[in-house]
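Chemist: Got a predicted structure here, sequence first:
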Amino acid sequence: MSPSPAYIHLSAPPFPYFLECGHTVYLPGEQHPNRSRMGKFDLIIVEQGCLFIGEDDKEWAVTSGHTLLLLPDRYHYSVKPCEEITSFTWVHFHTVGEWMEAEGDPVYAEREKHFRQFLIHPYTIRIPQFGPLPDPFARSGQAEQLLQLSQGRRSSSVWQQQRIFEEMLRMMDLAQQDTAGSQAAEIAEQTEAYLRNHFTEDLTNASLADALHFHYNYLARCMKRVYGLTPMEYLTDYRLEQAKLLLLKTEIPISGIAERTGFESTAYFSRRFSRKVGISPLRFRKRYSR
């Protein structure tokens, strides 16, 4: 009953948001109801016993200390009745960002599409569809906190429930990084920070490698794994975003903006800006600065 391991990749922000939660106990012979396309994610956290449940062509035996994430656009059904007393907490949530199911390495939302829709480049939350509960999650008591808050007034609980829910997702996301993955994430974040702090400078593959003390090819692999971009692709994106801010907030000439954002020439800046944004820097300024 063990399908190939799958991961759910959720692009954010906006972050997935909490809807509701509850606690269910099944006696031997009872079973989970069948349902189809309920339109929201269902995170199941089994505390006792074993829940036999399927989704389309996959089937799981979800034992104590394990989680299962049922997807909003699938058919869910009971594989067989419970054989012992089985209890679990369920958490329903939704997301307006893109989400994908995949095995192996992370997959990424289309950066420009996400930016056009939400005005920010995406971060990918990666959580297993089925697996053991991460230790920090198990010790945190967050599922119990969500249940307790659901008993009170919504005006006082809505902010706390969302905060707790996001922390649960964060723990599940970080738990998926093995030792190599953790090192890749750390190096990618160091590279990103360096690029943001030095984007006005004349950066090259060689100078970046010298500054961070890693071969550029390794830096590129880490950035691709974590952000879906090479360092130089990320640098160009960041420079163009800073250029947009200067076009809107200052009267600096186009040539000055090109220089301040690290582009080698005004002509090159204009070409990259037009290719990325769809209009020239001057037309962008006129359109949004009226």
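Modeler: Received, thanks.
Chemist: all helices for this protein, in order.
Modeler: Ranges of helices within the chain are 111-118, 135-140, 142-149, 154-174, 179-197, 205-212, 216-227, 231-249, 254-260, 266-277, 281-288, based on DSSP state H.
Chemist: right, and the ones you listed - which one's nearest Leu71?
Modeler: When these are compared by Cβ to Cβ, helix 154-174 sits nearest Leu71, at 15.2 Å. Any C-beta I mention is one placed from the backbone N, CA and C, and that applies to glycine too.
Chemist: now for the closest one, which elements pack on it?
Modeler: Applying 3 or more Cβ pairs under 8 Å, 6 or more residues apart in numbering; DSSP states H and E, one finds that helix 154-174 makes contact with strand 17-26, strand 86-94, strand 123-128, helix 135-140, helix 142-149.
Chemist: Flag the shaky bits of the stretch 51-200 of the chain, pLDDT-wise.
Modeler: 104-106, 136-139, 176-182 (pLDDT under 70).
Chemist: Now do Pro14, the pLDDT please.
Modeler: pLDDT recorded at Pro14 is 94.
Chemist: hang on, I meant Tyr268
Modeler: pLDDT, Tyr268: 95.
Chemist: I'd like the distance between it and Gly262.
Modeler: 11 Å (Cβ to Cβ, to the nearest Å).
Chemist: now Phe199
Modeler: Taken as Cβ to Cβ, the span from Phe199 to Gly262 is 5 Å.
Chemist: again, but for Phe118
Modeler: 26 Å.
Chemist: Compare those two (neighbour count), which wins?
Modeler: Gly262 (20 against 16; other Cβ atoms under 10 Å).
Chemist: Ok, which of the helices of the chain comes nearest Gly22?
Modeler: helix 142-149 (7.4 Å).
Chemist: C-alpha coordinates for that closest one, CSV please?
Modeler: What follows is helix 142-149, C-alpha atoms only, in CSV (Å, rounded to 0.1, in the frame of the first residue of the first chain):
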residue,chain,number,x,y,z
GLN,A,142,0.3,22.9,17.6
ALA,A,143,-2.5,20.6,16.4
GLU,A,144,-3.9,20.7,19.9
GLN,A,145,-3.6,24.5,20.0
LEU,A,146,-5.6,24.8,16.7
LEU,A,147,-8.3,22.6,18.1
GLN,A,148,-8.5,24.6,21.4
LEU,A,149,-8.7,27.9,19.4
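Chemist: ok, and what's touching that helix?
Modeler: For helix 142-149, contacts defined as Cβ atoms under 8 Å, 6 or more residues apart in numbering pick out 18, 21-23, 45, 89, 91, 157, 160-161, 164-165, 167-168.
Chemist: Please tell me how far it is from the chain's geometric centre.
Modeler: 23 Å (Cα atoms, centre = their mean, to the nearest Å).
Chemist: so how many other residues sit close to Pro5?
Modeler: 11.
Chemist: Now do the same for it: its pLDDT.
Modeler: Pro5 is given a pLDDT of 70.
Chemist: With the one 4 residues further on instead?
Modeler: Here the pLDDT value assigned to His9 is 92.
Chemist: my read: it touches Arg126, true?
Modeler: Yes: in this structure, His9 is within contact of Arg126 by Cβ atoms under 8 Å, at 5.4 Å.
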